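Undergrad: Have a look at this fold, sequence not included:
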Ligand SMILES: [Zn+2]
């Protein structure tokens with residue numbers, strides 16, 4: 001999905017439509033010690049019963065989230081661009 005480098009969007013702090021710089025949101029790291037992950041790893045240990053592994057999933061695409069930075073007040077906001085897509089966000093001039 002392509003999007004221009006600067007777009008006009010609403011800024012709630014300026015209370016008006018201003019130019020925003022577009023940047024792709026960086027992916028966060030998965031928490032390895034989260035409760036669900038610990039439980040899953042515990043289930044994978046040992047034998048007996050079915051082993052829970054990766055279930056093949058039909059990929060549906062994700063909603064692309066971009067970070068918009070207001071050029072007047074420098075505040076940031078998140079915005080989903082379009083609906084679900086399998087393509088990555090491309091910021092173009
Ligand atoms: Zn603003």
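TA: Yep, that arrived. None of these values were measured; they are calculated from a predicted model.
Undergrad: For this structure, which residues are neighbours of the ion?
TA: Taking C-beta under 5 Å from the ion as the test, the list of the chain residues beside the ion reads 11, 13, 14, 70, 72, 73. (C-beta placed from N, C-alpha, C; glycine too.)
Undergrad: What is the three-state secondary structure of the third one?
TA: Right, residue 14. Under DSSP: H, G, I helix; E, B strand; the rest coil, the three-state class of residue 14 is coil.
Undergrad: what sits against it?
TA: If you count contacts by C-beta atoms under 8 Å, 6 or more residues apart in numbering, residue 14 has them with 70, 72, 73.
Undergrad: Need these in JSON lines (columns: neighbour count, pLDDT and secondary structure).
TA: Output for the contacts of residue 14, formatted as JSON lines (neighbours: other C-beta atoms under 10 Å; pLDDT from 0 to 100; DSSP: H, G, I helix; E, B strand; the rest coil):
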{"residue": "70", "neighbour count": "20", "pLDDT": "96", "secondary structure": "strand"}
{"residue": "72", "neighbour count": "12", "pLDDT": "94", "secondary structure": "coil"}
{"residue": "73", "neighbour count": "12", "pLDDT": "94", "secondary structure": "coil"}
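Undergrad: so what's the most centrally placed residue in the chain bridging to?
TA: Taking C-alpha atoms, centre = their mean, the centroid of the chain lies closest to residue 65, which sits 4.9 Å from it. Judged by DSSP bridges, the bridge partners of residue 65 are residue 80.
Undergrad: how long is stretch 43-63 from one end to the other?
TA: Taking C-alpha to C-alpha, to the nearest Å, the span from the opening residue of stretch 43-63 to its closing residue is 31 Å.
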